[in-house]
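Student: Compute the structure for the input listed below.
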Amino acid sequence: MKIFKPKFWDIDYHFFSFALYPFSLLYRLLIFIKKNTTTTKKFPIPIICVGNIYLGGTGKTPLAIKTFEILKKLKKNPVVIKKNYQNHKDEVLLLKNYSRVLLAKNRAEGILEAIKKKFDCVILDDGFQDFEIKKNLNIVCFHNKQKIGNGFTIPSGPLRETLQSLKYCDIVFLNGSKDLNFENKLKKYNKQLKFFYYNYKTKNIDVFKNKKLIAFAGIGNPENFFDFLRMNHLNIIKEVNYPDHFEYSEKELDLLSKLEKQYKAKLITTEKDYLRINPIFRKRVNYVPVKVDFDENNFKNILEKFIQ
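Tutor: Numbering: from 1, shown residues only. As a prediction, the model looks like this:
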C-alpha cells in the first residue's frame with residue numbers, strides 16, 4: 001500500500017490541518033511527557049546528532065556522511081549510529097557505502113557498543129528527538145522549499161516537535177539559498193543558532209544531458225529531486241512519485257519498464273531508491289549520487305571545538 005505525505009502539510013490554513021489539530025495537541029503532550037520523564041545519559045566520547053524537525057526529506061543522511069568525512073580528516077575514528085528501523089534499509093546501505101555504521105535497536109546501547117569497539121566519536125543519523133542521549137553538538141536540517149511546512153506538528157503538519165525545541169539546537173543546515181527571513185524566524189527560539197547553507201553536487205550529471213528521462217523517487221520530498229535534475233538542465237519528460245522508503249515490487253518495476261518503452265526514455269532515480277531496487281533490474285536504471293557542498297572549513301572549525 002502506498003502512503004504518501006499529506007499535501008496539506010505544506011499548505012497554510014488548510015481545513016484538514018485544523019480538523020486534526022486536537023490530535024496534534026495530544027501528540028505534543030506525549031512528546032512533552034516523554035521529554036520530561038526521560039533520564040538523559042552522558043557518554044565519555046563526543047556525540048554529534050544530525051537530525052530534523054520536519055519529517056523526512058531534509059538531507060540529514062548526506063550531511064551525516066559529510067560529517068563523517070570531515071571527522072576522518074581531523075584524525076578522529078568516527079562511526080555513524082543508525083536506529084534499526086525495518087523500513088530504513090536504504091539509508092543504512094547508503095551510509096555503509098560511504099562510512100562506518102553501527103545498527104542499534106536503541107541508540108544509547110549503540111553508543112556503548114561504539115565505545116567497546118574503540119570508536120572515539122559518534123554521529124547519530126537522526127536522533128534529535130532521542131531525549132535519552134546528551135549530545136555535544138545538535139544539528140537540525142531543513143530544506144529551503146518546504147522549510148517548516150504549515151508549522152503544525154504531526155498529524156496536522158510535518159513537524160516532529162514545535163520550533164521551541166530549537167533551543168537545544170546548535171547549528172541549522174538549510175538546503176538551498178540564503179534566507180535571512182527564515183534565519184530570523186528560527187532565531188526567535190534560539191539567538192545563538194549558527195546557520196549553514198548547502199547544495200547538492202554530483203559528478204555524473206552531464207552524461208544524462210540531451211537524453212529523454214523518466215525520473216522516479218520514493219523519498220521524503222520527491223519534488224526536490226526532480227527540481228534538482230531540472231536545475232541541472234536535464235530533460236525530464238515524466239515524473240513518478242512514491243512514498244518515502246518505498247519498497248519496489250516486481251509489479252512497480254514492470255510499470256516503470258513499460259513507461260521506459262512507451263516514452264523511449266531512460267529511467268533515473270536517487271541513489272537511495274537505486275539501493276532498494278532488485279539487483280536484476282538495476283542495470284536498467286540510472287541514479288544520481290550526490291554529496292553536500294558548503295563552507296566546509298568553517299564547519300570543520302566548529303566540529304573541532306565540540307569534539308575536544
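Student: Quickly note the distance from C169 to F142.
Tutor: C169 sits 11 Å away from F142, taking CB to CB, to the nearest Å as the criterion. No exception for glycine: its C-beta is placed from N, CA and C like everyone else's.
Student: and if you look at L174?
Tutor: Distance check for L174 against F142: by CB to CB, it reads 5 Å.
Student: Between those two, which contacts overlap?
Tutor: F182 (CB atoms under 8 Å, 6 or more residues apart in numbering).
Student: give me the low-pLDDT residue ranges for the stretch 1-150 of the chain?
Tutor: Applying pLDDT under 70 to the stretch 1-150 of the chain flags residues 1-3.
Student: can you map out the strands along it?
Tutor: Here the stretch 1-150 of the chain has its strands, by DSSP state E, counting those that start in this stretch, at 47-52, 78-83, 101-104, 121-125, 137-143.
Student: Can you tell me the SS state at the most far-flung residue of the chain relative to its centre?
Tutor: In terms of distance from the mean C-alpha position of the chain, Q262 ranks first, at 33.2 Å (CA atoms, centre = their mean). What DSSP: H, G, I helix; E, B strand; the rest coil gives for Q262 is helix.
Student: gap between it and Y242?
Tutor: Counting by CB to CB, the gap from Q262 to Y242 is 18 Å.
Student: list the contacts for the residue lying closest to K187 once chain neighbours are set aside?
Tutor: What sits nearest to K187 in space, not counting adjacent residues and going by CB to CB, 6 or more residues apart in numbering, is L193, at 5.7 Å. The contact partners of L193, by CB under 8 Å, 6+ apart, come to 166, 169-172, 183, 186-187.
Student: for E223, same thing?
Tutor: Contact partners of E223, counting by CB under 8 Å, 6+ apart, are 145, 239, 241.
Student: Can you show me the CA trace of the longest helix seen in the chain as CSV?
Tutor: In the chain, taking DSSP state H as the definition, the longest helix is helix 21-37. Output of helix 21-37 as CSV, limited to C-alpha atoms (Å, rounded to 0.1, in the frame of the first residue of the first chain):
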residue,chain,number,x,y,z
TYR,A,21,-5.3,19.9,15.5
PRO,A,22,-6.7,18.3,18.7
PHE,A,23,-4.6,15.2,17.8
SER,A,24,-1.6,17.4,17.3
LEU,A,25,-2.1,18.8,20.8
LEU,A,26,-2.3,15.2,22.1
TYR,A,27,0.9,14.4,20.2
ARG,A,28,2.7,17.5,21.7
LEU,A,29,1.6,16.4,25.2
LEU,A,30,3.0,13.0,24.7
ILE,A,31,6.3,14.4,23.5
PHE,A,32,6.4,16.8,26.5
ILE,A,33,5.8,13.9,28.9
LYS,A,34,8.5,11.8,27.2
LYS,A,35,11.0,14.7,27.3
ASN,A,36,10.4,15.4,30.9
THR,A,37,10.4,11.8,32.2
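Student: since we're on Q192, how many residues are nearby?
Tutor: Under the neighbour criterion other CB atoms under 10 Å, Q192 is assigned a count of 8.
Student: Report the secondary structure state of it.
Tutor: coil.
Student: how far away is it from K167?
Tutor: Using CB to CB, we find Q192 at a distance of 9 Å from K167.
Student: just to revisit the earlier point, of the contacts of E223, which count as buried by neighbour count?
Tutor: 239, 241 (16 or more other CB atoms under 10 Å).
Student: Tabulate the contacts of E223 in JSON lines, adding columns for distance to P289.
Tutor: Listed next are the contacts of E223 as JSON lines, based on distance: CB to CB, whole Å:
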{"residue": "K145", "distance to P289": "21"}
{"residue": "E239", "distance to P289": "20"}
{"residue": "N241", "distance to P289": "21"}
